[in-house]
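Q: Can you look at this prediction? I've put the sequence above it.
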Amino acid sequence: MDEQQHPVDESARQTSQPDRRVRPPTWPAARLTTNVQLLVGDDVGTDQRFASGEEGGDDSPWGVLRRYPPAPPSSATALRLRLVVAGRPDVEVTVPLTA
């Protein structure tokens, strides 16, 4: 068959191409980290800094993994977490460290 017998519909061709400007939906976990800042420290004054993380996935769409080095020193007995959300009171949690 040639194009004269079956002309190509240009509008169909254009709509069949993916629109590169459209972003795919995010994982539900992304909503947990977009507006929440997590600050991590310990009871001896070490400030752990965000280094890397992952959110969502086929097996865990709500899963969030964050890495905050350095590890607390051996003299630390508690890890302190502060969750900060604009316009809301901060939430602070102290987690005892065990050997």
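A: Alright, I've got the coordinates.

Q: Quick one: distance of stretch 47-59 to the chain centre.
A: Counting by C-alpha atoms, centre = their mean, to the nearest Å, stretch 47-59 is centred 6 Å from the centre of its parent chain.

Q: Mean confidence (pLDDT) on it, please.
A: The average pLDDT within stretch 47-59 is 90.

Q: Ramachandran angles for residue 41?
A: phi -150, psi -180 (degrees, to the nearest 10).

Q: Name whatever forms a beta bridge with it.
A: Beta-bridge pairing of residue 41 under DSSP bridges involves residue 47, residue 80.

Q: Next, count neighbours for the nearest residue to residue 35 once chain neighbours are set aside.
A: Closest residue in space to residue 35, ignoring its immediate chain neighbours: residue 85 at 5.8 Å, by C-beta to C-beta, 6 or more residues apart in numbering. (Each C-beta comes from the backbone N, C-alpha and C, glycine too.) Residue 85: 11 surrounding residues under other C-beta atoms under 10 Å.

Q: No further queries at this time; thank you.
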